[in-house]
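Take a look and give me a structure for this.
(chains A, B, C and D, ligands or ions: 4)
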Number of protein chains: 2
Amino acid sequence: MFSIGQLSKQTGVKVPTIRYYEQVGLLVSAGRTEGNQRRYDKEGLERLGFIRHARDLGFSIEAITALIDLQQHPDRSCQEATEIAQHQLTDVREKLLRLKALETELVRIADGCDGEGSSEECYVLASLADHEHCRGEH
Amino acid sequence: MFSIGQLSKQTGVKVPTIRYYEQVGLLVSAGRTEGNQRRYDKEGLERLGFIRHARDLGFSIEAITALIDLQQHPDRSCQEATEIAQHQLTDVREKLLRLKALETELVRIADGCDGEGSSEECYVLASLADHEHCRGEH
DNA sequence: TCTTGAAGCTCTAGTGACTAGAGGTTGTAG
DNA sequence: CTACAACCTCTAGTCACTAGAGCTTCAAGA
Ligand SMILES: [Zn+2]
Ligand SMILES: [Zn+2]
Ligand SMILES: [Zn+2]
Ligand SMILES: [Zn+2]
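Ligands and ions are numbered 1, 2, ... in the order given. Here you go, the predicted structure:
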């Protein structure tokens, strides 16, 4: 049995975050001591590892809840799991596209001024004031 | 003079968002009617355009506040403006790197299962359970 | 057995940048 | 003059935590 602190150390998830996961129904402790402290077993440790890894990959709490739910029913089809993963991939790709567009514009904007003039004639400020300066959409 | 709704239409910023910008000190109306409704002048319209564009480029409210502050003092050096832009660019690039790593792993994960098996033997779930499956860091 | 202090507990509130809704008031076109 | 769209303020909700107050428990050393 592990205390919440030991769980935290082993997974790299902060203690208040673990309590938060319990609050939203993602991870319940195996039980409590007489003094009301949480105790976890190996299963809890593994589940927190799963949560941690999925969060690191950007999955939402809601998605992770669904995935764990699926994991608890080994005989169910995993179709939903692939759908969730596909959705997450789509999401990441959309963000990538957006950020690439931003990067292009920001390079132009940031490199357009050496910061040695007055703010009146600053290319950074002028670029922000008018999207017409931009090369593309974003 | 424009009403808040007209300002909203011209800039594409929603009415409650404009009120929110006022609340955080970004955009104050030129005045109020007898009946307490906001009225904006051309300057307000331009400033909201600036805010909108900067937000679209991912700048934080705090950064935009500093940029507008600078804009109000045409004789000041624009060094801070370039610093803010550079910082934003760095930020975007960090996010890009992270998302690219995520994309790589998610492609592998999502393509690793056709969703037709049982959740027990699902590659998606197995990959989430163990970072060892991952090709790189993320 | 006692003491001490790290670690645990609950509860509330704050973060960023909005968004939604309730419940009431004003502006304006017909 | 009457409708009603648009406006007003205020509170609360979103997401995934994070911080802090004020208290209790656990475990190791004396
Ligand atoms: Zn400049
Ligand atoms: Zn632009
Ligand atoms: Zn599968
Ligand atoms: Zn991984």
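
The closest residue to ligand 4 within chain A: which element?
Going by CB to the ion, ligand 4 is nearest to A:H53 of chain A, at 5.5 Å. Just so you know, the C-beta spots here come from the backbone N, C-alpha and C atoms, and that holds for glycine as well. Per DSSP states H and E: A:H53 is located in helix A:42-56.

do the same with A:L102
A:L102 is located in helix A:79-111, with elements delineated by DSSP H and E.

what about whichever helix or strand comes after that helix and DNA strand C, any contact?
Tracing the chain past helix A:79-111, the next element assigned as helix or strand by DSSP H and E is helix A:123-129. No. Helix A:123-129 lies out of reach of DNA strand C by CB under 7 Å from any atom of the strand, never closer than 14.1 Å.

Give me the helices and strands touching helix A:123-129, please.
helix A:79-111, helix B:42-56, helix B:61-71, helix B:79-111 (3 or more CB pairs under 8 Å, 6 or more residues apart in numbering or on different chains; DSSP states H and E).

what does it contact?
A:105, A:108-110, A:112-113, A:119, A:133-134, B:46, B:49-50, B:53-54, B:57, B:59, B:67, B:70-71, B:78, B:81-82, B:84-85 (CB atoms under 8 Å, 6 or more residues apart in numbering or on different chains).

any idea of the mean pLDDT for that helix?
Across helix A:123-129, the average pLDDT comes to 98.

Say whether ligand 2 is contacted by that helix.
No. On the criterion CB under 5 Å from the ion, helix A:123-129 is out of touch with ligand 2, staying 7.6 Å away.

How about stretch A:87-98?
No. Shown here: stretch A:87-98 not in contact with ligand 2 (CB under 5 Å from the ion), separated by at least 12.6 Å.

All good on my end, thank you.
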